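[1] Quick one: sequence and predicted model below, then my questions.
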Amino acid sequence: MTILVTGATGKAGRHVVEHLLRTGQDVRALARRPERAALPAGVQVMAGDLTDPDTLGPAFDGVTAVHLLTTGGDDYATLTTGPEIADLAEKAGVRRVALLWNGQDGPVEKAVEASGLEWTRLQPVDFMSNALAWAASIATDGVVREPFADVPVAVVHEADVGAVAAAVLVAEGHAGRTYSITGPEALTPRQRVAVIAGAIGRPVEFVELTEEQARARWRADGYADELIDLLVAWQSNPPAAASTVADTVERLTGRPPLRFDRWAAEQATAFR
């Protein structure tokens with residue numbers, strides 16, 4: 001059984017690869033820049049870009065299951081190549097697809113779910129690792145500046161997303177299902193900053209931005225308007241599922257989800 005992991009060098013993708021390797025799977029990784037992949041020994045790294053289906057044929061050849069992103073490119077824009085990817089997967093003999101949802105139904109989800117592929121939709125809430133965006137300002141100024149300071153989200157450790165994805169890809173019984181993937185508790189950005197402060201042993205100030213200030217910062221950072229709108233919608237008024245702790249991690253992996261204080265301890269050096 002050969003399993004293709006797209007986005008294998010990303011936050012969750014690396015963990016998908018690691019969990020699959022632990023279960024003895026033959027893992028193939030898709031990367032736009034294979035020379036920078038730095039993946040574990042035994043992983044077959046192949047070049048390809050989900051925004052350009054013509055580059056994907058060799059990577060899909062002989063693959064049984066695929067961990068599939070629904071965004072692509074440097075700006076993480078929603079992929080428009082869903083029909084081509086789904087058609088390619090079917091023709092290559094792919095049987096099972098785990099779709100990593102990006103917060104909205106896009107062309108990839110629609111095409112895969114309309115195909116003959118066995119699909120499972122993975123819906124993680126915000127990754128704990130997104131807090132690394134605060135590392136520089138915490139380390140240099142002891143401050144975090146973010147909007148929507150008191151909106152709770154049950155942020156999930158990226159390792160838990162990888163574990164769930166691996167479980168879905170190697171086992172029967174998940175076709176046609178949608179899994180919300182959360183951490184064990186809902187925390188606001190202000191609370192997460194307080195946990196990081198505890199992990200590094202010094203205070204960190206939280207300064208709340210207005211929505212317009214946040215939009216201006218994201219725009220200056222080069223984010224596409226589509227992504228900015230998605231960030232605002234998600235961070236200001238996330239769906240109820242984002243703050244509702246799900247049992248998915250424990251049910252599919254046999255252990256409880258990892259806590260944010262553990263993640264903060266693991267990453268403490270980045271914030272010092």
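    That came in fine, so what should we check first?

[2] For Leu99, give me its contacts.
    By CB atoms under 8 Å, 6 or more residues apart in numbering, the residues touching Leu99 are 68, 70, 108-109, 112, 119-122. (C-beta placed from N, C-alpha, C; glycine too.)

[3] with those residues in mind, which one is nearest to Phe260?
    Comparing these against Phe260 with CB to CB picks out Leu122 as the nearest, at 19.9 Å.

[4] what residues are up against that closest one?
    Each residue near Leu122 by CB under 8 Å, 6+ apart is listed here: 98-101, 161, 164-165, 168, 179, 181.

[5] mind listing which of those are in strands?
    Residues of those located in strands (DSSP state E): 98-100, 179, 181.

[6] Turn those residues into JSON lines, columns for pLDDT and distance to Pro238.
    Formatted as JSON lines, those follow (pLDDT from 0 to 100; distance: CB to CB, whole Å):
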{"residue": "Ala98", "pLDDT": "97", "distance to Pro238": "22"}
{"residue": "Leu99", "pLDDT": "96", "distance to Pro238": "20"}
{"residue": "Leu100", "pLDDT": "94", "distance to Pro238": "17"}
{"residue": "Tyr179", "pLDDT": "96", "distance to Pro238": "17"}
{"residue": "Ile181", "pLDDT": "97", "distance to Pro238": "14"}
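
[7] Poorly predicted segments of this structure, please.
    Scanning the chain for pLDDT under 70 picks out the ranges 74-75.

[8] Helices along that one, start to end?
    Remark: helices assigned in the chain by DSSP state H are 13-22, 57-60, 82-92, 107-113, 135-141, 158-170, 189-200, 211-220, 225-236, 248-253, 260-266, 268-271.

[9] what's the closest of these to Ala47?
    Nearest of those to Ala47, taken as CB to CB: helix 57-60 at 7.8 Å.

[10] related to what we said a few turns ago, highest average neighbour count across the helices of the chain?
    Scoring the helices of the chain by mean neighbour count under mean count of other CB atoms under 10 Å gives helix 158-170 as the most buried, with a mean of 25.

[11] Tell me which residues are up against that helix.
    Residues outside helix 158-170 that contact it (CB under 8 Å, 6+ apart) are 1, 3, 11-20, 23, 25, 65, 67, 96, 98, 100, 120, 122, 124, 127-129, 174, 179, 181, 183, 248-249, 252-253, 257-258.

[12] Now with 6 Å, please.
    3, 11-12, 15-16, 19-20, 23, 65, 67, 98, 120, 122, 124, 127, 129, 174, 181, 249, 252-253, 257-258 (CB atoms under 6 Å, 6 or more residues apart in numbering).

[13] Next: stretch 27-44.
    Contact with stretch 27-44 is made by 2-6, 8-9, 17, 20-21, 45, 47-49, 59, as judged by CB under 6 Å, 6+ apart.

[14] ok so, going back, just send the helices of the chain back as JSON lines, with distance to Glu35 too.
    Putting the helices of the chain into JSON lines (distance: least, CB to CB, whole Å) gives the following:
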{"stretch": "helix 13-22", "distance to Glu35": "16"}
{"stretch": "helix 57-60", "distance to Glu35": "16"}
{"stretch": "helix 82-92", "distance to Glu35": "24"}
{"stretch": "helix 107-113", "distance to Glu35": "26"}
{"stretch": "helix 135-141", "distance to Glu35": "26"}
{"stretch": "helix 158-170", "distance to Glu35": "23"}
{"stretch": "helix 189-200", "distance to Glu35": "33"}
{"stretch": "helix 211-220", "distance to Glu35": "30"}
{"stretch": "helix 225-236", "distance to Glu35": "27"}
{"stretch": "helix 248-253", "distance to Glu35": "33"}
{"stretch": "helix 260-266", "distance to Glu35": "27"}
{"stretch": "helix 268-271", "distance to Glu35": "25"}
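
[15] between the ones you listed, which gets nearest to Pro147?
    Shortest distance between Pro147 and the helices of the chain, using CB to CB, is found for helix 211-220: 4.0 Å.

[16] Only C-alpha atoms, please: export the closest one in CSV.
    Extracted in CSV, the C-alpha atoms of helix 211-220 (Å, rounded to 0.1, in the frame of the first residue of the first chain):
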residue,chain,number,x,y,z
GLU,A,211,-10.4,44.3,12.5
GLU,A,212,-9.2,47.1,10.2
GLN,A,213,-5.8,47.1,11.8
ALA,A,214,-5.6,43.3,11.3
ARG,A,215,-6.7,43.5,7.7
ALA,A,216,-4.1,46.1,7.0
ARG,A,217,-1.3,44.0,8.6
TRP,A,218,-2.3,40.9,6.6
ARG,A,219,-2.5,42.9,3.4
ALA,A,220,1.0,44.3,4.1
